[in-house]
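>>> this one's structure only:
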């Protein structure tokens, strides 16, 4: 073997490296489907659903062909696709092992061939196929004439490559974050962010329909047509209108953006594969916060068991990914739902009940978040009094966030809707509902505990305990509504009798009523926890 052949073997180029990475991507997909029949079923179902959605999008774009200002929609759509590709790796990095280049640091690979091979391999998958179909549909909808068709071919290639290169560059630049605990927190929070985003998309579509159709998008498109890859998509429109210079300039802008992304990706790869990971060095140099004594929040909490349990519960909320997700979902949706309804013109202050209902449900299955570590809590409970103090402290920690949040949320919705007259009754009923849910949550935690799987994924209930979880949730909610029924009846009677001047009494009465309901529930749950300690430990240890 001569020296030239030796250099080719030692330095594999893109031509030899790309097929290897393509086969690697296909092998990863195939082996992932072989892990379980459930995963295969989910993957096939997702393919079918994405294919149906893609077909509907293509039909919709084709049907819009010839519509005035359609180019404004396709330009915006291209930018939204790129934004989605930039954000998705931050939430679903674990779904594609090839997004983590740190797995390749021990291999003698050069950055340029590696970038080419990874970019080619990233063309394989459901996401790229969906993106390609939407881009092709956008070009078909806006291309008029031979010149526009030719430009459309370049626009499809540039738009797709910009989206994929952006996703890879963002993932590589943030790979240390994505593989850390904070990255896993982001992955779990993705469902919340997507849900909130869909609410704003729905509101935007309604506003767009009320504003007169696609013409409302023209001012936005005039800006985005110079933002890659929107510029590549708008080049199709420009070529169809005979503005060939503008079309070439817009294509060149997208090509320049692609080159810049590839350069950024290459530099990030070089730095990542040559620089050491200093996370352990930083951890070694940071002071041990646990030895700092009772300062900050820990110093403000009560002494003894109550303060210790409250601090542990608050740390669960801040550190445990699934507990944090549940809290973030409740805090966000508790305000988002009534605010969006108010923005759509048919809001009501009574929608503010979402805030106490969602936060009160966080009291349910209190021992499930402990998982198998509940045995340490079990060792400290020797009497109903101990169990009562344990549950009371957890309720205190929840109330520390829930009470001021409910006050602010209900008052804020009242300010948006202008329903200040109903504020006392709604606020009083909210506090009553919160207290009732705290009490029923303590009871269901003792009677219907279930395990929360701690592995990666989005399952919040062990497979064999789904029925227990639903029974706990709905049974507790129904019991909470029954507990609040006397206060509800009083509110209805005041409305029917026209005693609107006496509505203010519902605020202090609701607060006292909720406090009493919570105290009664905690008192009743204490003896049941002591009697069911082994059963609770077994139930929460299955995940």
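Alright, I've got the coordinates. Remember, predicted model here, so these are calculated numbers, not experimental data. Numbers count the residues shown, from 1 in each chain.
>>> Show me the shaky parts of the stretch 151-300 of the chain.
With pLDDT under 70 as the threshold, the stretch 151-300 of the chain has low-confidence stretches at 175-216, 275-299.
>>> can you map out the strands along it?
Assigned strands in the stretch 151-300 of the chain: none (criterion: DSSP state E, counting those that start in this stretch).
>>> how about the helices in it?
Secondary structure of the stretch 151-300 of the chain by DSSP state H, counting those that start in this stretch: the helices cover 175-178, 181-210, 218-224, 230-240, 244-274, 279-285, 297-300.
>>> Please pull out the lowest mean pLDDT helix or strand from this protein.
helix 3-10 (a mean of 43; mean pLDDT, DSSP states H and E).
>>> now for whatever helix or strand comes next after that one, which elements pack on it?
Using DSSP states H and E, the helix or strand that follows helix 3-10 in sequence is helix 14-34. Packing partners of helix 14-34 (3 or more CB pairs under 8 Å, 6 or more residues apart in numbering; DSSP states H and E): helix 37-63, helix 111-121. C-beta here means a position set from N, CA and C on the backbone, and glycine is covered the same way.
>>> next helix or strand past the longest one?
In the C-terminal direction, the helix or strand that comes right after helix 37-63 (DSSP H and E) is helix 70-91.
>>> quick one: that next one to helix 230-240, angle?
160 degrees (axes from the mean of the first three to the mean of the last three CA atoms, to 10 degrees).
>>> Could I get the buried residue list for helix 70-91?
70-79, 81-82, 85, 87-91 (16 or more other CB atoms under 10 Å).
>>> What helices and strands are in contact with it?
In terms of contacts (3+ CB pairs under 8 Å, 6+ apart), helix 70-91 is packed against helix 126-142, helix 146-173, helix 181-210, helix 218-224, helix 230-240.
>>> Enumerate the positions of the shortest one that are buried.
For helix 218-224, a neighbour-count test (16+ other CB under 10 Å) marks 221, 224 as buried.
>>> Contacts made by it with the rest, please.
Residues outside helix 218-224 that contact it (CB atoms under 8 Å, 6 or more residues apart in numbering) are 69, 71-73, 75-76, 79, 230, 234.
>>> Closest one of those to residue 389?
residue 79 (55.6 Å; CB to CB).
>>> That closest one contacts residue 232, doesn't it?
No. Between residue 79 and residue 232 there is no contact under CB atoms under 8 Å: 10.5 Å.
>>> Could you check the pLDDT of residue 452?
Residue 452 carries a pLDDT value of 79.
>>> With the flanking residues excluded, which residue is spatially nearest to it?
residue 368 (4.8 Å; CB to CB, 6 or more residues apart in numbering).
>>> ok, how many other residues are close to that neighbour?
For residue 368, the neighbour count with other CB atoms under 10 Å is 27.
>>> from the chain's centre, how far out does the longest helix seen in the chain sit?
Ranked by residue count under DSSP state H, the longest helix found in the chain is helix 384-417. Remark: helix 384-417 is offset 24 Å from the chain centroid, using CA atoms, centre = their mean, to the nearest Å.
>>> Next secondary structure element downstream of that helix?
Next element after helix 384-417 (DSSP H and E): helix 423-447.
>>> I'd like to know which elements that following helix is packed against.
Short answer (3+ CB pairs under 8 Å, 6+ apart): helix 423-447 packs on helix 354-360, helix 384-417, helix 466-483, helix 485-497, helix 506-531.
>>> do you know which of these lies nearest residue 318?
Across these, closest to residue 318 is helix 384-417 (CB to CB), at 11.0 Å.
>>> Name the residues of that closest one that are buried.
Of all the residues in helix 384-417, those buried under the rule 16+ other CB under 10 Å are 384, 386-399, 401-403, 405-406, 409-410, 412-414, 416-417.
>>> elements contacting that helix?
helix 305-319, helix 321-343, helix 354-360, helix 423-447, helix 506-531.
>>> packing partners for the second one?
If contacts are counted by 3+ CB pairs under 8 Å, 6+ apart, helix 321-343 sits against helix 181-210, helix 305-319, helix 354-360, helix 384-417.
>>> One more: the first one?
Using 3+ CB pairs under 8 Å, 6+ apart as the contact criterion, the secondary-structure elements in contact with helix 305-319 are helix 297-300, helix 321-343, helix 384-417.
>>> repeat that with 10 Å
If you count contacts as 3 or more CB pairs under 10 Å, 6 or more residues apart in numbering; DSSP states H and E, helix 305-319 packs onto helix 181-210, helix 297-300, helix 321-343, helix 384-417.
>>> That helix vs helix 384-417, what angle?
50 degrees.
>>> For helix 305-319, which outside residues touch it?
With contact meaning CB atoms under 10 Å, 6 or more residues apart in numbering, helix 305-319 is reached by 181, 185, 294, 297-302, 322-324, 326-328, 362, 366, 369-370, 377, 380, 386, 389-401.
>>> Any chance of the backbone angles for residue 419?
The phi and psi values for residue 419, taken as degrees, to the nearest 10, are phi -90, psi 60.
>>> pretty sure it is touching residue 503, no?
No. With contacts defined as CB atoms under 10 Å, residue 419 does not count as touching residue 503, sitting 11.9 Å away.
>>> what is in contact with the two at once?
residue 426.
>>> coming back round to it: out of the helices and strands packed on helix 14-34, nearest to residue 335?
Closest among the helices and strands packed on helix 14-34, using CB to CB: helix 37-63, at 29.9 Å.
>>> tell me the mean pLDDT over that closest one?
On average, helix 37-63 scores 79.
>>> Okay, domains of the protein per the record?
11-273, 300-540 (automatic domain parsing).
>>> which of the ones you listed sits most buried?
For the domains of the chain, the largest average neighbour count (mean count of other CB atoms under 10 Å) is found in domain 300-540, namely a mean of 19.
>>> how long is it end to end?
From its first residue to its last, domain 300-540 covers 31 Å (CA to CA, to the nearest Å).
>>> And that domain, how far out from the chain middle?
22 Å.
>>> And for stretch 137-156?
35 Å.
>>> intersection of neighbour lists for residue 79 and residue 232?
Common neighbours of residue 79 and residue 232 (CB under 10 Å, 6+ apart) are 159, 225.
>>> quick one: the closest residue to residue 167 other than its chain neighbours and residue 249, what's the gap?
Excluding its sequence neighbours, the residue lying closest to residue 167 (CB to CB, 6+ apart) is residue 85, at 4.2 Å. As defined by CB to CB, to the nearest Å, residue 85 lies at a distance of 24 Å from residue 249.
>>> One more: residue 72?
For residue 72, the distance to residue 249 - CB to CB - is 19 Å.
>>> Ramachandran angles for residue 451?
Residue torsions, per degrees, to the nearest 10, at residue 451 are phi -90, psi 150.
>>> pretty sure the residue nearest to residue 452 is touching residue 441, no?
No. Between residue 368 and residue 441 there is no contact under CB under 10 Å: 11.5 Å.
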